[in-house]
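**Q** Need a 3D model of the following:
(2 chains)
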There are 2 protein chains.
Amino acid sequence: MLHKAAVIGGGVIGAGWIARLLQNGVNVAVFDPAADAQQKIDAVVANAALAANKLSDTRSRTPGRLRYCDTLEQAVMDVELIVEAVPEQLELKQSVYSQVEAAAGEDALIASSTSGILPTRLQEKMAHPERLLVAHPFNPVYLLPLVELVGGEQTSMQTIERAKEIYKYLGMHPLHVRKEIEAFIADRLLEAVWREALWLVKDGVATTEEIDDAIRYGFGLRWAQMGMFETYRIAGGEKGMRHFIAQFGPCLQWPWTRLTDVPELDEELTEKIASQSDAQSGQYSIGELERIRDDNLVGILRVLEKNNWGAGKTLKYYEARLNAEIEES
Amino acid sequence: MLHKAAVIGGGVIGAGWIARLLQNGVNVAVFDPAADAQQKIDAVVANAALAANKLSDTRSRTPGRLRYCDTLEQAVMDVELIVEAVPEQLELKQSVYSQVEAAAGEDALIASSTSGILPTRLQEKMAHPERLLVAHPFNPVYLLPLVELVGGEQTSMQTIERAKEIYKYLGMHPLHVRKEIEAFIADRLLEAVWREALWLVKDGVATTEEIDDAIRYGFGLRWAQMGMFETYRIAGGEKGMRHFIAQFGPCLQWPWTRLTDVPELDEELTEKIASQSDAQSGQYSIGELERIRDDNLVGILRVLEKNNWGAGKTLKYYEARLNAEIEES
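**A** The predicted structure is shown next:
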């Protein structure tokens, strides 16, 4: 159970957290000093509610209340979980924690949404560093179940266990990243693809649209339900992974040496990507793309739920838990 | 339209091609000298028929006839398309083409399923090299729409255009890889992820199952419908890709220098991967995993068809074309 949470920072990720928390009956206090924060957050929360309605035709929790606060101190007072979603600057984040610690209860969990900064660095200057962890979500936070949990050197095991419970309560799949490593797990894989894709665009091999098509008409469909290793296990046939590696390992190695440089993201490459992206997706507004994406995700998640597989298992677990809760009450 | 095709080699890819061709009313002649080839191909064709029935509730083409041939010459005689799906060895493939050219009609298209060898190399010794191209599919070939078309220096534009028509007729999304490049487009992206995943396993950061979960509970769901660039366009908000790159480009660059080595696929790493994969998926036979995968893919493809998006557009186009055909006849 989780009753009250604070979210510091209402950008795309912060607003996504707010929506997921509200949908799960958690009262949320927000602090974001930007003038247009409330308007942007309200838009994300409305979008997320549309998606949530389509995702489930069973009963749901009574939505939590959203409260905008004028100060960080007001927001974090008397909550169980503090979600930090401010820009990716170590010193900024450290100063937020210092303010948080001065105002929040001692046993409140502090969860950073950082996609790359090590929790050991984040907690360096804290009075109670044992309750800080990274809980790294994926956009759209209100639909994608993955959350990577990473503890720093001073994070307690109790914090990790409590966090696992909280994120399961929120309908998510907490993946405990057992070794503290920059960029964690998913973003390391994403960065590898991003780097290679930059080369393909820079060298004029493919446009952004052709690269996206190579993903979504092919292996992207596999990865929505199985990952890479399970897919390759099938490719290896009954003889298993050992056979797959013996058969394909050497082929996969051929062009590696040419792939391991890093392209510079200079003005020319940025312009190339930006204009190709306009040509590819410019006919849709971002709002339209978001709704298309959410409808697709909802449909895919429901298919997987029906088949009791992958992200669908998380949904099934969540709905079972929800029904048990409602019957208890 | 396509009436008769030959498939040389009946492994996982060859058998997948056979299934897709048969489902589209194409008569297929197969040559594979392996003793158990027929048994394995029949199993794939039966699996594929199950999936095809679930994928469409509209009318379909009358399935083609499958004929097993004792010689390559018998198989390729009098067909419009010859699909080569033999092991990834340049000399073996070249010798197959030489046999094919001695027996097949001059205007038959020759399509290699290679996932990495350059078509310019493949066609080096051919009498009519202009009709050879690479048509690189993705497993399961009977469900995934992507096929990468790559011409070599001597491939004619007419061959590429004819191939586009053929693969659209087969319900696929032909992606013309305009620059001849090792591993083409999709496999370059896959190799980048594979390389990074090998490091994560080798360094004990994550198991194969944790890596697969990081994919399928998170960005894999995004990639089934949008690719990477369109997803990031949304993350950049209304300000577009330029904003996204300015905001996230530098973060993505942080750990790059540590990611660009290549791990050696030695015995120890192979054993680690194989045993982790057993722990992850060993409770299912490969046949069970294939059926689970196919059911998930069918469901996802139907969602995308309903939403007229990504791979679903290919399906919609295909069904429209099929209905037009049937009405004409």
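**Q** Run through the strands of the stretch 101-250 of chain A in chain order.
**A** Counting by DSSP state E, counting those that start in this stretch, one finds strands in the stretch 101-250 of chain A at the ranges A:109-112, A:132-137, A:146-151, A:173-176.
**Q** Is chain B within reach of the second one?
**A** This points to strand A:132-137. No: on the criterion Cβ under 8 Å from any Cβ of the partner chain, strand A:132-137 is out of touch with chain B, staying 8.7 Å away. Where C-beta positions appear, they are placed from N, C-alpha and C, glycine not excepted.
**Q** now the third one
**A** Yes: legend: contact between strand A:146-151 and chain B by Cβ under 8 Å from any Cβ is shown at A:146, A:148.
**Q** Other residues contacting that strand?
**A** A:118-119, A:133-138, A:157, A:159-160, A:163-164, A:167, A:172-177, A:180, A:184-186, B:213-214, B:217-218 (Cβ atoms under 8 Å, 6 or more residues apart in numbering or on different chains).
**Q** What of the first one?
**A** Applying Cβ under 8 Å, 6+ apart, the contact partners of strand A:109-112 are A:80-84, A:93, A:97, A:100, A:104, A:119, A:122, A:131-135, A:159, A:162-163, A:166.
**Q** domains for chain A, by residue range?
**A** Residue ranges of the domains in chain A are recorded as A:4-176, A:188-328, according to automatic domain parsing.
**Q** Mean pLDDT added to the strands of the stretch 101-250 of chain A, as TSV?
**A** Listed next are the strands of the stretch 101-250 of chain A as TSV, based on pLDDT from 0 to 100:
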stretch	mean pLDDT
strand A:109-112	98
strand A:132-137	98
strand A:146-151	97
strand A:173-176	95
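**Q** Next, format those strands as a markdown table and append mean neighbour count and distance to B:Glu196.
**A** Supplementary listing: the strands of the stretch 101-250 of chain A in a markdown table, determined by neighbours: other Cβ atoms under 10 Å in any protein chain shown; distance: least, Cβ to Cβ, whole Å:
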| stretch | mean neighbour count | distance to B:Glu196 |
| --- | --- | --- |
| strand A:109-112 | 25 | 23 |
| strand A:132-137 | 26 | 17 |
| strand A:146-151 | 25 | 15 |
| strand A:173-176 | 21 | 16 |
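**Q** out of these, which comes closest to B:Glu153?
**A** When the strands of the stretch 101-250 of chain A are ranked by distance to B:Glu153, counting by Cβ to Cβ, first place goes to strand A:146-151 at 44.5 Å.
**Q** in its sheet, what does the closest one sit against?
**A** Strand A:146-151 has these partner strands in its sheet, going by DSSP bridges: strand A:132-137 (antiparallel), strand A:173-176 (parallel).
**Q** Please list the outside residues in contact with the longest one.
**A** Put plainly, it is strand A:132-137. Counting contacts by Cβ under 8 Å, 6+ apart, the residues outside strand A:132-137 that touch it are A:13, A:16-17, A:83, A:97, A:109-115, A:117, A:119, A:122-123, A:126, A:144, A:146-152, A:154-155, A:159-160, A:163, A:167, A:172, A:174, A:184, A:186-187.
**Q** change it to 7 Å
**A** A:13, A:16-17, A:97, A:110-115, A:119, A:122-123, A:126, A:147-152, A:155, A:159-160, A:163, A:167, A:184 (Cβ atoms under 7 Å, 6 or more residues apart in numbering or on different chains).
**Q** just how off-centre is it within its chain?
**A** Relative to the chain's own centre, strand A:132-137 is displaced by 10 Å; criterion: Cα atoms, centre = their mean, to the nearest Å.
**Q** Give the buried residues for stretch A:303-323.
**A** A:303-305, A:307, A:309-316, A:318-319, A:322 (16 or more other Cβ atoms under 10 Å in any protein chain shown).
**Q** who's in contact with it?
**A** Contacts of stretch A:303-323 with the rest of the structure, by Cβ under 7 Å, 6+ apart, involve A:56, A:58-61, A:145, A:171-173, A:225, A:301, B:216-217, B:221, B:292, B:295-296, B:299-300, B:303.
**Q** Looking at these, which are in helices?
**A** Where those overlap with helices, as defined by DSSP state H, the overlap consists of A:301, B:221, B:292, B:295-296, B:299-300, B:303.
**Q** Count residues in the vicinity of A:Gln94, would you?
**A** Counted with other Cβ atoms under 10 Å in any protein chain shown, the neighbours of A:Gln94 add up to 16.
**Q** coming back round to it: distance to A:Ala246 for the ones in helices among the contacts of stretch A:303-323 - can I get that in CSV?
**A** Converted to CSV, the ones in helices among the contacts of stretch A:303-323 look like this (distance: Cβ to Cβ, whole Å):
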residue, distance to A:Ala246
A:Leu301, 36
B:Leu221, 31
B:Ile292, 25
B:Asp295, 29
B:Asn296, 28
B:Gly299, 33
B:Ile300, 31
B:Val303, 37
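**Q** Take those and write them to a markdown table, including distance to B:Glu264 and pLDDT.
**A** As requested, the ones in helices among the contacts of stretch A:303-323 are arranged in a markdown table below (distance: Cβ to Cβ, whole Å; pLDDT from 0 to 100):
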| residue | distance to B:Glu264 | pLDDT |
| --- | --- | --- |
| A:Leu301 | 39 | 88 |
| B:Leu221 | 32 | 92 |
| B:Ile292 | 33 | 88 |
| B:Asp295 | 37 | 88 |
| B:Asn296 | 34 | 88 |
| B:Gly299 | 39 | 90 |
| B:Ile300 | 36 | 92 |
| B:Val303 | 41 | 91 |
